[in-house]
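Asks: No sequence on hand, only this structure:
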Ligand SMILES: Nc1ncnc2c1ncn2[C@@H]1O[C@H](COP(=O)(O)OP(=O)(O)OP(=O)(O)O)[C@@H](O)[C@H]1O
């Protein structure tokens, strides 16, 4: 049997006095499509940011692809993370797409996608552009390669952001509420790209979302978070149609009452 590509073991994370993740453990198998759902502030985004090394953990262990993400070492009385070179290498296994696109505003669409491979993989410009055009084609943005981000709609920016995250050929993709900043009519074009990625690639995908209908269709497994803990997990039909925990039930009731599809 395959080993997990992500192993999170008893991690904790606080911001000041606020405990955001509390003794959290979870595992993700290669190729698995996972949806992380739960109330605002339950720690979903923080998990993705920790995997991307944008936040440090206070304690616990994370293994990615069989390797420790953070070597937590004692330095005096303090735990210090691994050096930047190790983190940069680990980060290349993972692509992340953010709620607010985070495109480089002064670079063209094409340059946004070629930058990371040219800088971090020393890929020659010609090869990087060829690869970028393939990715832009896949997200339906090849005809906008010469445009600047300011000339794009939110949905188009987000599709470029997905192409950019794919440019380093990550084995794991993290999507953090990638449609929540979009006008409703632009949501579907971004979800379609993600659907295609889920169907046509064997990438491991973790999705934090408030789009419960999409999470239901997309995920192999759904994790319900509350206050920094996994309260319930299971197949989408089990979580959405037959949740066992009271907290999951009341969360879904509120979502349905607000008029959303689950
Ligand atoms: N850098 C930070 N400094 C201080 N507090 C933070 C920081 N990042 C997150 N938090 C707090 O940690 C808690 C968990 O945040 P997180 O973004 O992980 O929740 P979430 O489940 O993704 O919520 P949402 O669905 O609203 O994005 C929140 O209360 C948030 O305000």
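Replies: Sure, I can see it. Predicted model, so just to flag it, every value in this text is computed and none were measured.
Asks: thought residue 12 was touching residue 19?
Replies: Yes - with contact defined as Cβ atoms under 8 Å, residue 12 counts as touching residue 19 (7.1 Å). For every residue, glycine as well, the C-beta is placed using N, CA and C.
Asks: so the most centrally placed residue in the chain is in which element?
Replies: By Cα atoms, centre = their mean, the chain has its centre lying nearest to residue 174, at 1.6 Å. Here residue 174 sits within strand 172-176, counting by DSSP states H and E.
Asks: could you point out where the protein is predicted with low confidence?
Replies: For the chain, the stretches with pLDDT under 70 are 71-77, 79-81.
Asks: which stretches of it form strands?
Replies: Applying DSSP state E to the chain gives strands spanning 6-15, 18-28, 33-37, 59-64, 67-68, 73-75, 78-80, 94-97, 172-176, 204-208, 221-226, 229-234.
Asks: want to try CSV for those, with distance to residue 261 as columns?
Replies: As requested, the strands of the chain are exported to CSV (distance: least, Cβ to Cβ, whole Å):
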stretch, distance to residue 261
strand 6-15, 29
strand 18-28, 26
strand 33-37, 13
strand 59-64, 33
strand 67-68, 39
strand 73-75, 47
strand 78-80, 44
strand 94-97, 22
strand 172-176, 19
strand 204-208, 16
strand 221-226, 15
strand 229-234, 19
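Asks: out of those strands, nearest to residue 52?
Replies: Taking Cβ to Cβ, strand 94-97 is the member of the strands of the chain nearest to residue 52, at 4.9 Å.
Asks: contacts for stretch 126-138?
Replies: Contacts with stretch 126-138, where a contact means Cβ atoms under 8 Å, 6 or more residues apart in numbering, come from 109-110, 113-114, 117-118, 123, 142, 144-145, 160, 163, 166-167, 193, 196.
Asks: which parts of it are buried?
Replies: 128, 129, 131, 132, 133, 135, 136, 138 (16 or more other Cβ atoms under 10 Å).
Asks: could the residues you listed be laid out in JSON lines, adding distance to the ligand?
Replies: Output for the buried residues of stretch 126-138, formatted as JSON lines (distance: Cβ to the nearest ligand atom, whole Å):
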{"residue": "128", "distance to the ligand": "33"}
{"residue": "129", "distance to the ligand": "35"}
{"residue": "131", "distance to the ligand": "31"}
{"residue": "132", "distance to the ligand": "30"}
{"residue": "133", "distance to the ligand": "33"}
{"residue": "135", "distance to the ligand": "27"}
{"residue": "136", "distance to the ligand": "28"}
{"residue": "138", "distance to the ligand": "28"}
